[in-house]
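Student: Kindly return the folded structure for what I paste below:
(4 chains)
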There are 2 protein chains.
Amino acid sequence: MELQEAKQQFIDTWGTLGTEWGINKSVAQVHALLLSSNAPLSTDEIMERLVISRGNANMSIRQLVEYGIVYKKHIAGDRKEYFVAEKDVLKWAMKIAIMRKKKELDPVMDILKDITQATEEDKTEDGKAFHQTVKDIQVLTDQLETIANKVFQSNRADLLIKLFKLIV
Amino acid sequence: MELQEAKQQFIDTWGTLGTEWGINKSVAQVHALLLSSNAPLSTDEIMERLVISRGNANMSIRQLVEYGIVYKKHIAGDRKEYFVAEKDVLKWAMKIAIMRKKKELDPVMDILKDITQATEEDKTEDGKAFHQTVKDIQVLTDQLETIANKVFQSNRADLLIKLFKLIV
DNA sequence: TTTTATTTTCAAAAATTATTGAAAATTCAA
DNA sequence: TTGAATTTTCAATAATTTTTGAAAATAAAA
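Tutor: Numbering: from 1, shown residues only, chains lettered A, B, ... in the order given. Got it, this is the predicted structure:
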């Protein structure tokens, strides 16, 4: 397999995976392209390489920079902005996880808590069953959150992984 | 908050969350409706309650049954099919996780392995860096997979969660 | 300042995904 | 069998999401 071919496959695969998990295909592909490139790339280079419009490239890059998994890089004597991806997997994977948790999971957990409380007093069979169902979900997500927070706060997620592999 | 209101909010929230994570809104809502209902529901009841078409209801239910998180329930003297949701959170959450891992993550992991191998011999600076990047991702996902498999295989995921909370 | 390069914005178009609903297929009781 | 009830299918339509591309805004050089 040619190096270029391998990179292209990586970019395509990443794009598909992103789509399946609710991440925009272009965003995922720009991320993959930057991950696969040693050198910083300009918007023009990204557009050309992925065959996407300037608007799309600009929006996608901006989102990745906002996520904190792609950095701007100034190159002396060049007016263009260049971009590089964070190469430490554990670092960027955790940033994505934290961002999605905060944006999509936390609000749901708040609502689950509300519903659990609001149905606390219900005396009907149906009401009690529903309360229990929501409470079960809420308790499980709370437990998972505790674990997630501990892992996120730690700078040694790699060690935690090894530890967990060891003891289980 | 009325019980009906609470249920509706649960259904809406679940639908939104599903959408954000690449699960069809109707599928997620049917799941939430069945989770929130003690009694088994027929396709007609689901259609009526969620205001969706027969086709949509049928497809959504089928998918949930395929996932193994909703069961068919025969009611004596009634020709209609009824459906109930698996109420054990840990059980259905794990089934969803296992299903999505198999369908969406495993193929990607296979491709990452291919790319890692195919770029093993590359002697260029760029090739070596790309190889390392992909390999890092691959090693991390492999570690996470090991953990996931252990949790999935265990029937006491709840205990594992408690254990992990304890030691970390 | 003026000019030129670069980035950003966003309405319009395209692509994708979800949903409908009626016809076809199936199932079951009479 | 026949016929009614129920389920399934799927082409057509609707809704949503993504992408484009050109104009506006911004930034840097002349």
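
Student: List the contacts of A:Leu17.
Tutor: With contact taken as CB atoms under 8 Å, 6 or more residues apart in numbering or on different chains, A:Leu17 is in contact with A:Ala28, B:Glu104, B:Leu105, B:Val108. For the C-beta atoms, the positions are set from N, CA and C on the backbone; glycine is no exception.

Student: Also A:Lys91?
Tutor: By CB under 8 Å, 6+ apart, the contact set of A:Lys91 is A:Ile69.

Student: Flag every buried residue along the helix or strand encompassing it.
Tutor: Per DSSP states H and E, A:Lys91 falls inside helix A:89-100. Using 16 or more other CB atoms under 10 Å in any protein chain shown as the test for burial, helix A:89-100 gives A:Val89, A:Trp92, A:Ala93, A:Met94, A:Ile96, A:Ile98, A:Arg100.

Student: Equivalent analysis for stretch A:112-127, please.
Tutor: Buried residues in stretch A:112-127, defined by neighbour count with 16+ other CB under 10 Å: A:Leu112, A:Asp114, A:Ile115, A:Thr116, A:Ala118, A:Thr119, A:Asp122, A:Gly127.

Student: and which of these is nearest to DNA strand D?
Tutor: In terms of CB to the nearest atom of the strand, no member of the buried residues of stretch A:112-127 lies closer to DNA strand D than A:Leu112, at 21.8 Å.

Student: what's in contact with stretch A:98-108?
Tutor: Contacts of stretch A:98-108 (CB under 8 Å, 6+ apart): A:Tyr67, A:Gly68, A:Thr141, A:Glu145, A:Ala148, A:Phe152, B:Thr13, B:Thr16, B:Leu17, B:Glu20, B:Trp21.

Student: With stretch A:22-30 instead?
Tutor: A:11-12, A:14-19, A:46, A:50, A:52, A:56-57, A:59-61, A:63-64, A:70, B:19-22.

Student: For PyMOL, write a command that selects the buried ones of those.
Tutor: In PyMOL syntax, the buried subset of the contacts of stretch A:22-30 is picked out as below (16+ other CB under 10 Å):
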select buried, (chain A and resi 11+14+15+16+17+18+19+46+50+52+56+57+59+60+61+63+64+70) or (chain B and resi 19+20+21)
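
Student: among the contacts of stretch A:22-30, which are in helices?
Tutor: Counting by DSSP state H, those place A:11-12, A:14-19, A:46, A:50, A:56-57, A:59-61, A:63-64, B:19-20 in helices.

Student: With respect to pLDDT, which of the contacts of stretch A:98-108 ranks lowest?
Tutor: Lowest pLDDT within the contacts of stretch A:98-108 is found at A:Phe152 (76).

Student: Next, work out how far apart that one and DNA strand C are.
Tutor: Separation of A:Phe152 from DNA strand C (CB to the nearest atom of the strand, to the nearest Å): 29 Å.

Student: again, but for A:Gln138
Tutor: Taken as CB to the nearest atom of the strand, the span from A:Gln138 to DNA strand C is 26 Å.

Student: do stretch A:122-132 and chain B meet at all?
Tutor: Yes: contact of stretch A:122-132 with chain B is found when judged by CB under 8 Å from any CB of the partner chain, involving A:Asp122, A:Thr124, A:Glu125, A:Asp126, A:Gly127, A:Ala129, A:Phe130.

Student: ok, back up a step: dump the buried residues of helix A:89-100 to a markdown table, plus pLDDT.
Tutor: A markdown table is the format used below for those (pLDDT from 0 to 100):
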| residue | pLDDT |
| --- | --- |
| A:Val89 | 94 |
| A:Trp92 | 96 |
| A:Ala93 | 94 |
| A:Met94 | 92 |
| A:Ile96 | 96 |
| A:Ile98 | 92 |
| A:Arg100 | 95 |
